[in-house]
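[1] Structure of the sequence below:
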Amino acid sequence: MLKLLFFLGKGRATDQVENFTDKHAITILRQQIRESASAVQTSKKALALAMAQQNREEIQLQKLSGKIADLEERTLIALDKGQEDLARESAEAIAHLEAEWGSSEQALTHFKKETARLKNRVKKAQSMLNQLERGYRLAEVTDKTQKLRKTDKDVCSSSLSDAPETLDRLQNRQA
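    Residues are numbered from 1 along each chain as shown. The predicted structure follows:
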């Protein structure tokens with residue numbers, strides 16, 4: 001018996017939660033859409049930041065490539081002039097810049113992957129958000145239409161049932 005009462009209470013609680021959720025579904029959906037839109041905006045900002053970092057890294061890589069090419073040219077000139085100490089210093093600087101270039105290239109590869117991943121996520125999220133907003137508008141219009149139909153039906157049926165009596169009384173008074 002106790003077990004049955006437990007199941008009854010649990011069933012009623014579930015029914016009440018479902019009824020509450022159904023009654024306030026439009027409001028709940030509207031809030032979920034607001035929160036989703038905020039999350040999409042945050043994702044768009046993260047994407048913009050990743051794209052900016054990628055752009056900076058590409059510029060850094062180009063600058064390093066230019067510096068390396070310039071130093072290689074100067075090293076060759078120094079060797080041609082017999083300035084081996086200067087050529088050695090330039091070679092060390094080139095080695096350091098090439099190591100930095102390698103790190104920069106790895107970072108750029110990372111940013112490209114991250115940017116591509118974020119673009120895909122933002123695109124999917126924006127698509128889902130658009131779909132939710134369309135569904136929300138449809139649900140809201142349907143809900144208002146159903147309420148209006150119910151109100152109209154109640155008003156029309158009570159007015160239509162009372163109207164003939166009113167007309168009869170009016171006609172009898174006028175006669």
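
[2] Quick one: low-confidence residue ranges for this structure.
    Flagging of the chain using pLDDT under 70 yields the residue ranges 152-160, 175.

[3] hey, which helix is longest across the protein?
    helix 84-174 (DSSP state H).

[4] How far away from the center of its chain is that helix?
    The chain centre lies 7 Å from the centre of helix 84-174; the measure is CA atoms, centre = their mean, to the nearest Å.

[5] Tell me which other helices or strands it touches.
    helix 25-80 (3 or more CB pairs under 8 Å, 6 or more residues apart in numbering; DSSP states H and E). The way it works is simple: take the backbone N, C-alpha and C, and place the C-beta from them, glycine included.

[6] Give me the most central residue, the chain.
    Val40 (2.0 Å; CA atoms, centre = their mean).

[7] so how far is His24 from it?
    Using CB to CB, to the nearest Å, Val40 is found at 24 Å from His24.

[8] With Thr115 instead?
    Counting by CB to CB, the gap from Thr115 to His24 is 40 Å.

[9] burial of the closest residue to Thr75 other than its chain neighbours, as a residue count?
    Sequence neighbours aside, Ser90 is the residue nearest to Thr75 in space, at 4.0 Å (criterion: CB to CB, 6 or more residues apart in numbering). The criterion is other CB atoms under 10 Å. On that basis, Ser90 has 21 neighbouring residues.

[10] what's in contact with stretch 97-113?
    The contact list for stretch 97-113 (CB atoms under 8 Å, 6 or more residues apart in numbering) reads Ala50, Gln53, Gln54, Glu57, Glu58, Gln60, Leu61, Leu64, Ser65, Lys67, Ile68, Leu71.

[11] Kindly recompute the last result at 6 Å.
    Applying CB atoms under 6 Å, 6 or more residues apart in numbering, the contact partners of stretch 97-113 are Gln53, Gln54, Glu57, Gln60, Leu61, Leu64, Lys67, Ile68.

[12] any chance of the residues you listed in TSV, with distance to Leu79 too?
    Formatted as TSV, the contacts of stretch 97-113 follow (distance: CB to CB, whole Å):
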residue	distance to Leu79
Gln53	38
Gln54	37
Glu57	32
Gln60	28
Leu61	27
Leu64	22
Lys67	19
Ile68	16
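
[13] Same list, those residues, but as JSON lines with distance to Arg121 and neighbour count please.
    Formatted as JSON lines, the contacts of stretch 97-113 follow (distance: CB to CB, whole Å; neighbours: other CB atoms under 10 Å):
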{"residue": "Gln53", "distance to Arg121": "17", "neighbour count": "16"}
{"residue": "Gln54", "distance to Arg121": "16", "neighbour count": "20"}
{"residue": "Glu57", "distance to Arg121": "21", "neighbour count": "19"}
{"residue": "Gln60", "distance to Arg121": "26", "neighbour count": "17"}
{"residue": "Leu61", "distance to Arg121": "26", "neighbour count": "16"}
{"residue": "Leu64", "distance to Arg121": "31", "neighbour count": "18"}
{"residue": "Lys67", "distance to Arg121": "36", "neighbour count": "15"}
{"residue": "Ile68", "distance to Arg121": "36", "neighbour count": "18"}
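
[14] I am finished for the moment; much appreciated.
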